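Engineer: no sequence on this one, just coordinates:
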């Protein structure tokens, strides 16, 4: 968070930097969920045999 009198360029760069990072975190979260799903299905298949 910046005060109103802080340089506006600083705010812009902060947003530009944090946006891709946030997207990367989101992508990572979804891939871990998919991996967990795949692992769960593998476990279930193993139990059925």
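Structural biologist: Alright, I've got the coordinates. In this text the structure is predicted, and so the values were computed from the model without any measurement.
Engineer: separation between residue 22 and residue 29?
Structural biologist: Applying C-beta to C-beta, to the nearest Å, the value for residue 22 to residue 29 is 11 Å. Glycine gets a C-beta too; all of them are placed from N, C-alpha and C.
Engineer: Just the buried residues of stretch 31-49, please?
Structural biologist: Of the residues in stretch 31-49, none count as buried by neighbour count, 16 or more other C-beta atoms under 10 Å.
Engineer: what about the helices in the chain?
Structural biologist: With DSSP state H applied, the chain shows helices at 8-48, listed in chain order.
Engineer: Quick check: which ranges of it have low pLDDT?
Structural biologist: 1-17, 48-49 (pLDDT under 70).
Engineer: same thing but at 80, please
Structural biologist: The chain contains residues with pLDDT under 80 at 1-36, 38, 42-49.
Engineer: So residue 18 versus residue 25, what's the distance?
Structural biologist: The gap separating residue 18 from residue 25 is 10 Å, by C-beta to C-beta.
Engineer: so how far is residue 20 from residue 36?
Structural biologist: 25 Å.
Engineer: Likewise for residue 37?
Structural biologist: From residue 37 over to residue 20 the distance is 26 Å, taken as C-beta to C-beta.
Engineer: got it, and residue 27?
Structural biologist: Taken as C-beta to C-beta, the span from residue 27 to residue 20 is 10 Å.
Engineer: same question, residue 26
Structural biologist: Separation of residue 26 from residue 20 (C-beta to C-beta) stands at 11 Å.
Engineer: Residue 39 now?
Structural biologist: For residue 39, the distance to residue 20 under the criterion C-beta to C-beta works out to 28 Å.
Engineer: intersection of neighbour lists for residue 18 and residue 25?
Structural biologist: Common contacts of residue 18 and residue 25 (C-beta atoms under 8 Å, 6 or more residues apart in numbering): none found.
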